[in-house]
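**Student:** Here is a sequence together with a model predicted from it:
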Amino acid sequence: MIPVEVEAPTYRVQEHHAFEASGQRFLYLVPSGAIFALTPIGREILDLVAHEQLDRTTLVRRLLDRGHQPGDIRTGLHELEEARALSEGPAQRELPKVPARAFPLQRIVLNVTNQCNLACGYCYEYSDDKISKTSGKPKYMDQKVAEDSVDLLFAEAGDHPSVHVTFFGGETLLNFPLLRSTVTYAQQRAREARKKIEFSLTTNATLLTEEVADFLAEHRIGVTVSIDGDRELNDRMRVFHDGRGSYNVIVPKIRMLLERHKTNSIGARVTLSAGVGQVRRIYEHLTQEVGFRAVGFSPATANPDRLYSIGPQKMSSVLGGFEDLALEYRDYALAGRTHGFTNANDTLKELHTGLSKAYPCGAGLGLLGVGTAGDISLCHRFVDSDVGKMGHVQNGGVDHAARQDFLQTHHLGHRVDCHSCWARPVCAGGCYHEAFIHYGDTSAATLHYCDWIRGWNDLCLKIYGEISVHNPAFLNRFDSN
Ligand SMILES: C[S@@+](CC[C@H](N)C(=O)[O-])C[C@H]1O[C@@H](n2cnc3c(N)ncnc32)[C@H](O)[C@@H]1O
Ligand code: SF4
Ligand code: SF4
């Protein structure tokens, strides 16, 4: 037999995004979504491997020549290989897998009404971008549909120890009686099923009363209040049907809610649009003047032709505002204090958890939406639309074939544009609704947001690095849940 000379495999640095924080180099490892702090020898190894193809023997010889001890070299190499920052053989691009069919349901969002007492200019439920078809559907969900939805949640939750019900609308509190009776019913079902249950709702706050606030407090219901800033900014878009602004009506009610409800979080949700992008002004008003301890921002989803569409230029100024608040968040974190900018908190938590997502969010995965007639959909934004239909709570329950088909066709693997992007573990291609409104296709990647997403995640990685160097104990808060 002729001896075959086999070449030793050379080292490759695996796919990553490098960043510096507090004078230290970190790698964000794309396949795993892990953050790795490089030691001085680790940094040297990666620099050597990045510039030259080196097999193990040659690499070790180089490091010995540079005066490193064999034990340090072994440890340095081992750490990099363990983290999968470095491996022998060709560089590989890894994508997460499509989940197994029986993925447990963890949350349902009940659109308890499709009616609203406001007429916010950007609202995807009533604007020109509306995709829900509500004609012929009940205006209000009835008790039977709500209870069947809760039953379905427990039936589909499998072994999962906790479930969550979110109440949504239209204006959610227009159907407060149903919300109240559904909470009681779901708590009873949770006791029988020996599962933990949590509730939340999103509201425009116009219908809050002391009775409502006390009920929400008693049942520890998390509340998201939609408000877009001070009177001038909020009233640009969040108006009644006669055009009157909602600010004067909601602010006293919000203060009353904050005063009476202290058993769960109450956060403000700001929808940014063309005329409403002043991030710091809005944040300071909502925390200092209104009294919120948590404020989150989200740009309005809109066809680019809409006048209120936020557009790329405005988005870059919004990123500036996000950066400003995120750096303040960092300063608070270094001093061991809590800051209320939830966008920073949520991204840091995601980065800390180190997930590598195959899907941008839980829609169709652990979360489903239910319309007033009991139709199940991908999420609350697709309720009663022709897209993302996934069964009916009374007629056959979850359409598992449709759900699995959606998960197959919307897996990151099909968002080819994202395969070479380092932000894909956290972004996974972006919101399906955003994609549908922009490109008419839920499976398109939201490429109009890429610079923004990468800029924001790069900033949060640096902040994460700084916190991990100067106050690592702060990060423990992200371990729970
Ligand atoms: C549709 S509303 C339903 C609950 C309730 N009526 C409220 O306003 O909170 C839920 C949230 O969606 C936000 N929203 C409405 N239209 C939007 C859009 N086009 N893009 C992004 N968020 C939007 C609202 O500002 C609100 O915070
Ligand atoms: S209050 Fe909520 S549902 Fe009503 S129009 Fe405004 S955003 Fe839409
Ligand atoms: S949508 Fe853009 S930022 Fe998000 S993963 Fe795809 S390429 Fe990256």
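**Tutor:** Structure's in. What do you need? The structure presented is a predicted model; accordingly, all values stated were derived computationally and were not measured. Numbers count the residues shown, from 1 in each chain. Ligands and ions are numbered 1, 2, ... in the order given.

**Student:** contacts and neighbour counts: CA atoms only from here.
**Tutor:** Will do.

**Student:** Phe292 contacts Ala268, doesn't it?
**Tutor:** Yes - using Cα atoms under 8 Å, Phe292 makes contact with Ala268 at a distance of 6.7 Å.

**Student:** Which of these two has more residues huddled nearby?
**Tutor:** Ranked by neighbour count (other Cα atoms under 10 Å), Phe292 and Ala268 place Ala268 first, with 29 against 21.

**Student:** Quick check: the more buried one is in a strand.
**Tutor:** Yes - assessed by DSSP: H, G, I helix; E, B strand; the rest coil, Ala268 belongs to a strand.

**Student:** before we move on, what SS does Ile197 have?
**Tutor:** The assignment at Ile197 comes out as strand when based on three-state DSSP.

**Student:** And the residue nearest in space to the middle of the chain, how close does it get to ligand 1?
**Tutor:** Using Cα atoms, centre = their mean, the residue of the chain that lies closest to the mean C-alpha position is Cys361, 6.2 Å off. Distance, Cys361 to ligand 1, using Cα to the nearest ligand atom, to the nearest Å: 15 Å.

**Student:** Mutual contacts of Phe292 and Ala268, please.
**Tutor:** Residues within reach of Phe292 and of Ala268 at once, by Cα atoms under 8 Å, 6 or more residues apart in numbering, are Leu286.

**Student:** quick one: contacts for Lys139?
**Tutor:** Neighbouring residues of Lys139 by Cα under 8 Å, 6+ apart: 113-115, 372.

**Student:** and if you look at Ile463?
**Tutor:** 21, 327, 330.

**Student:** for the first one, what are its contacts?
**Tutor:** Residues in contact with Ala21 (Cα under 8 Å, 6+ apart) are 462-463, 465-466.

**Student:** Between the residues you listed, which sits nearest ligand 1?
**Tutor:** Ligand 1 lies nearest to Ile463 out of the contacts of Ala21, by Cα to the nearest ligand atom, at 26.6 Å.

**Student:** how about that closest one, secondary structure?
**Tutor:** Following three-state DSSP, we place Ile463 in the helix state.

**Student:** Quick one: name the residues of the protein near ligand 2.
**Tutor:** 116, 118-120, 123, 125, 169-171, 204 (Cα under 6 Å from any ligand atom).

**Student:** Now rank these by neighbours and give me the top one.
**Tutor:** Within the residues of the chain next to ligand 2, most neighbours by other Cα under 10 Å means Gly169, with 26 neighbours.

**Student:** That one against Asn117, yeah?
**Tutor:** No - with contact defined as Cα under 8 Å, Gly169 does not count as touching Asn117 (10.9 Å).

**Student:** can you tell me which residues contact the residue of the stretch 251-400 of the chain found nearest ligand 1?
**Tutor:** With Cα to the nearest ligand atom, the shortest gap between the stretch 251-400 of the chain and ligand 1 falls at Ala300, namely 3.3 Å. Contact analysis of Ala300 by Cα under 8 Å, 6+ apart lists 122, 271-273, 309-310.

**Student:** so how far is Ala423 from it?
**Tutor:** Using Cα to Cα, to the nearest Å, one gets 22 Å for the distance from Ala300 to Ala423.
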